[in-house]
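Engineer: From the sequence below, what's the structure:
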Amino acid sequence: GESELELTARFDLSDVYNLRDLQQRLYFIVYIAVVLFGIAASVALSFALTRPLRRLLVTVRRIAAGDLSTRSNIPTNDEFGQLSRDFDVMADRLQENISRLESDMQRQENFMGAFAHELKTPMTSIIGFSDLLRQGNLDENSRMMAADYIHSEGHRLERLSFKLLELL
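Structural biologist: Numbers count the residues shown, from 1 in each chain. Here you go, the predicted structure:
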């Protein structure tokens, strides 16, 4: 009949296992290198993308501290560049407004000084002539002259007060 045959073969597979271990180590090293490169690229990219924002933040803090001449001047054409240009325009207008307010305050102080001087002159005349009248040592002609001065200086004060009201 039929006979059964059995074939037994032996091969050394240690090279295959060694090659597999080498490939796994190589894969792990490449994997770690790719991950580290990805992290480094992400950090560099995020730093490059946020640099204009940090520059604008420094500018905002300087202006908030009182240095109104600081500008960000970010030359990019993206949203950060547009924000920088808009912010610089806003800072220019703020500086102009503050300069205009300082100038207005100086003019107002000058006006108030001149107006106070204009008030002092008629008040001095009124007080002086009224003191003469109170003493009672004047003849009729001098009393009439003192009363006329008081009257005219009173009208002068009235005109000054009307001018002030018009200015206000």
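Engineer: rest of the way, CA atoms for contacts and neighbours
Structural biologist: OK.
Engineer: Can you give me every residue that contacts residue 42?
Structural biologist: Remark: with contacts taken as Cα atoms under 8 Å, 6 or more residues apart in numbering, residue 42 is in contact with nothing.
Engineer: so where does it fall, helix or strand?
Structural biologist: Assigned by DSSP states H and E, residue 42 belongs to helix 14-64.
Engineer: Show me the residue sitting in the middle of the protein in space.
Structural biologist: When Cα atoms, centre = their mean is applied to the chain, the residue found nearest the centroid is residue 63 (4.2 Å).
Engineer: wouldn't that one be in contact with residue 70 here?
Structural biologist: Yes - counting by Cα atoms under 8 Å, residue 63 touches residue 70, with 6.5 Å between them.
Engineer: re earlier: check which helices and strands the helix or strand that the helix holding residue 42 is followed by sits against.
Structural biologist: Proceeding C-terminally, helix 14-64 gives way to helix 79-135 as the next helix or strand, assigned by DSSP H and E. When contacts are defined as 3 or more Cα pairs under 8 Å, 6 or more residues apart in numbering; DSSP states H and E, helix 79-135 sits against helix 14-64, helix 140-167.
Engineer: Identify each buried residue in the shortest one, please.
Structural biologist: Read that as helix 140-167. For helix 140-167, burial by neighbour count (16 or more other Cα atoms under 10 Å) applies to 143, 146, 147, 149, 150, 153, 154, 156, 157.
Engineer: Now do that helix against helix 79-135, angle only.
Structural biologist: Here the directions of helix 140-167 and helix 79-135 differ by 170 degrees (axes from the mean of the first three to the mean of the last three Cα atoms, to 10 degrees).
Engineer: Now do the contacts for the residue lying closest to residue 53 once chain neighbours are set aside.
Structural biologist: What sits nearest to residue 53 in space, not counting adjacent residues and going by Cα to Cα, 6 or more residues apart in numbering, is residue 80, at 6.7 Å. Shown here is residue 80, whose contacts under the criterion Cα under 8 Å, 6+ apart are 52, 53, 74.
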